[in-house]
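>>> Here is the input, now give the coordinates:
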Amino acid sequence: MSDADRPRGPFHAIRGGKDDPPPPGGSLRRLASILAADISGYSRLMQVDEEGTHARVIRQRREIIEPSLAEHYGKLITYTGDGFLAMFDSPVEAVRCAIVIQQNMVGRNASLPRDHWILYRIGIHLGDVVVVGPSEVYGDGLNIAVRLEGIATPGEVYVSGGVYEQIKNKLVCAYQSLGDRQVKNITDPVSVYRVLPDPAALSHARKRRWPVALLAALVAINIAILGSLYFLLKQMQNPNQAPPVAEKSEPPAVGANALPPLPARAPEPIEKPPAPAPAQRPQEAAKESTVPAAPAPVPIAAPLTPEMVFIPGGAFSMGSGDDPSEKPIHQVAIKSFAISKFPITVREWNGCVAAKSCTYTPTGKDDAPVTNLSWTDTQQFVDWLSKVTQKPYRLPTEAEWEYAARGGTRSKYWWGDQLLASMANCKGCNESYQASQPLTVGSFKPNPFGLYDMGGNVHQWVADCWHENYQGAPSDGSAWVESDCLSRVIRSGSWKNDPSYVRPSNRDHYDATVRYPTHGLRVAYSQ
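Coordinates of the predicted model:
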């Protein structure tokens, strides 16, 4: 019998769902965040070491589960033999509690053989429940949480779409959408998200994905080989039959979302582009021509374009000896380019949302940097901005970003080798530190190039794929990319990171398709 099918003690009778008996009178119906957890492979662990496994489970309940629930304002409903069920008023606290439990279990398992590890599967759902007594809860809210726990990967946390919507901008976590799942006794499919509390967990997830891609590639190759063999056999059967002549194909039509070619034009000033000429009055047009004028096209509202700064070309020493990923230090030649004076703000991003070109709707003040972006999200923004402005906007390359962040200096920070207060927004950079959100853009001094927040406040995606170090890196400032890279480079550090992240040479990376609460962007284009 599998873990999912075997009975689980008293909880089996009260787990909820449409097949349960109606609760007695005096019950309370409410909205709650339900956390359901059980131990993966509990039967196998008991067979390996029954007495030791039972003792460890009891100790973990006393030293990890119960203190974590109390710390995050959760209420233990019941233990379920090998798991437990808890209820929270806040989905944020429920997810925080789950992450703390899983991280504590990593520490407990570190000193044990792999076959002795105790791994919890945790599911969390925000929904309607009926509370009958201290240890009796019914309803779909509980039922869905248990089903999520049943499909969760051992050692991980799965949440429903309702929980994701409540926590996505409130926790420094990544979230991977697993699509809609049909669960037992629930009519509508449930949106499922996997919680990734740190980049290390995400890297582990990427390693598990490569066999799927390899299998797809092998299937495609086999199809191509079989098709070729079939064609050769047909030719052998009909040697006098001429091969079919391919019809002349027309050039492909330009798609609705394709960018039109950029017209040749003289360079424009970066700071203040010239205002368009005033429209001609209809009366004046009638005097000049007797030909009836065509209906005027409906004007497209101009976006709130980022303020750009011109960066002159030059050469610099890229990298440092502070971290293996920043080695070797190497010379890079940079061509002149323009880069946005500030990270892209919520107000600027919302122009793309209003045009229905960006699918992610951010939260926060208009003049705060937009956050919780994946690298894929940034491509929607630069494509839209390029289309409406007729300028080739893009993400800066990693080399361009570091060159701009240094501002012509060679020191550890752009202002010198020592950390100074009130120069950047990070954890440990300032006396008055605000941990909940980034500051508005431009809250600190600009660097020598006139750029703000080139270090701290918000992580900034760049164009390059992630590489472990600079061995083989381009020397011309171009983006270092491959067609199949899953991870992209991020620069600058954020308000959540320590001062080492503020260094211009610091580099980090993250999965290109996953949103993270500290990740934003800055845009550039070539002159």
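
>>> shaky segments in the stretch 351-500 of the chain?
Scanning the stretch 351-500 of the chain with the threshold set as pLDDT under 70 gives 431-432.

>>> Would you map the helices across it?
375-389, 398-406 (DSSP state H, counting those that start in this stretch).

>>> Identify whichever of the ones you listed lies nearest to residue 145.
Among these, helix 375-389 comes nearest to residue 145, with 29.3 Å by Cβ to Cβ. The way it works is simple: take the backbone N, C-alpha and C, and place the C-beta from them, glycine included.

>>> How far does that closest one sit from its chain's centre?
17 Å (Cα atoms, centre = their mean, to the nearest Å).

>>> in the stretch 51-200 of the chain, which segments are predicted with low confidence?
In the stretch 51-200 of the chain (pLDDT under 70), the answer is 198-200.

>>> how deep is residue 456 tucked in, by neighbour count?
Look at residue 456: counted by other Cβ atoms under 10 Å, it has 26 neighbours.

>>> now swap in residue 117 and tell me
Neighbourhood size, residue 117 [other Cβ under 10 Å]: 18.

>>> Which residues are in contact with it?
By Cβ atoms under 8 Å, 6 or more residues apart in numbering, the residues touching residue 117 are residue 109.

>>> Phi, psi for it please.
phi -70, psi 140 (degrees, to the nearest 10).

>>> mind checking how far it is from residue 52?
Taking Cβ to Cβ, to the nearest Å as the measure, residue 117 falls 13 Å from residue 52.

>>> and residue 115, how many neighbours?
10.

>>> Can you tell me the SS state at it?
At residue 115 the chain is in helix, as set by DSSP: H, G, I helix; E, B strand; the rest coil.

>>> Could I get the contacting residues of it?
Each residue near residue 115 by Cβ under 8 Å, 6+ apart is listed here: residue 48.

>>> let's go with 10 Å and repeat that
When contacts are counted by Cβ atoms under 10 Å, 6 or more residues apart in numbering, residue 115 touches 41, 44-45, 48-49.

>>> returning to that earlier point: residues that sit against both of residue 117 and residue 52, list them.
Taking Cβ under 10 Å, 6+ apart as the criterion, residue 117 and residue 52 both touch residue 45.

>>> And the strands in the stretch 251-400 of the chain?
308-311, 314-318, 330-334, 337-340 (DSSP state E, counting those that start in this stretch).

>>> buried set for stretch 435-455?
By 16 or more other Cβ atoms under 10 Å, the buried positions in stretch 435-455 come out as 437-441, 443-444, 446-447, 449, 451-455.

>>> what's the closest of these to residue 357?
Nearest member of those to residue 357, counting by Cβ to Cβ, is residue 441, at 22.0 Å.

>>> Test my guess that that closest one contacts residue 367.
Yes: counting by Cβ atoms under 10 Å, residue 441 sits close enough to residue 367 to count as a contact (6.2 Å).

>>> So for these two, which residues contact both of them?
Common neighbours of residue 441 and residue 367 (Cβ under 10 Å, 6+ apart) are 342, 345-346, 348.

>>> what two of those have the greatest distance between them?
So, those by Cβ to Cβ: farthest apart are 342 and 346, at 11.7 Å.

>>> quick one on the thing from earlier: and the contacts of residue 115, which is closest to residue 183?
Nearest to residue 183 among those, with distances taken as Cβ to Cβ, is residue 41, at 21.7 Å.

>>> Would you check that that closest one makes contact with residue 114?
No: the criterion here is Cβ under 10 Å, and residue 41 misses it with residue 114 at 11.4 Å.
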